[in-house]
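Enquirer: just a sequence and a predicted model for now, questions to come.
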Amino acid sequence: MGENYWLLKSEPGCYSIDDLAAEPDQTTCWSGVRNFQARNFMRDGMAVGDKAVFYHSVTDPSAVGVMGIVRAAYADPTAQDPQDSHFDPRATPEKPLWYAVDVRFERKFRSPVPLRAMRVVPALAGMELLRKGSRLSVMPINAQEFATLCRMGEEGAE
DNA sequence: GCCAACGTTGGC
DNA sequence: GCCAACGTTGGC
């Protein structure tokens, strides 16, 4: 456990790393994932102790910090809440269909790592994120990619 | 705001 | 099972 690395996307206008850092316990339920491949990564791959890079999409796309996975996959409560925009009538307590994990803020990078900066780093060339048309909101990265992103985030802008 | 890429839906 | 239509994502 705690051996895997991930990249999690969120639009900062929806939920940003500052929002996470501002939570009372700096922890939140990472819910609302509605893509089967992303769901499978969360449900089948994530374990307590794993690390995840927080990525801001759409607005100033960039990696902005690090989170830890503090609770493994469980039924996404938003899927079964009719009031929620992520409600899915197919989801039931017996067959949740969608899953969430809990994440805890660990640190914010000294400077965000822009997507365009990632594109020119050979060590990052294999990341799913850099593939044209990639829309996955939850994806695995390897230890080297994680370390490279962290180093770039602490070094400051290139 | 534009548009390419993608996942999902639904008719057949 | 195919595939066109549609809605969404997300970079630019």
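Expert: Cool, the structure landed.

Enquirer: can I assume A:Val70 sits in a strand?
Expert: Yes: counting by DSSP: H, G, I helix; E, B strand; the rest coil, A:Val70 is located in a strand.

Enquirer: contact partners for it?
Expert: Counting by C-beta atoms under 8 Å, 6 or more residues apart in numbering, A:Val70 touches A:Thr27, A:Val48, A:Asp102, A:Val103, A:Arg104. In this view, the C-beta of every residue, glycine as well, is placed from N, C-alpha and C.

Enquirer: same deal with A:Val64?
Expert: Shown in contact with A:Val64 (C-beta under 8 Å, 6+ apart): A:Ser16, A:Ile17, A:Phe54, A:Tyr55, A:His56, A:Lys108, A:Phe109, A:Pro112, A:Val113, A:Gly153.

Enquirer: distance to A:His86 and secondary structure for these - can I get that in a markdown table?
Expert: Formatted as a markdown table, the contacts of A:Val64 follow (distance: C-beta to C-beta, whole Å; DSSP: H, G, I helix; E, B strand; the rest coil):
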| residue | distance to A:His86 | secondary structure |
| --- | --- | --- |
| A:Ser16 | 18 | coil |
| A:Ile17 | 20 | helix |
| A:Phe54 | 19 | strand |
| A:Tyr55 | 19 | strand |
| A:His56 | 20 | strand |
| A:Lys108 | 26 | strand |
| A:Phe109 | 28 | strand |
| A:Pro112 | 27 | strand |
| A:Val113 | 28 | strand |
| A:Gly153 | 30 | helix |
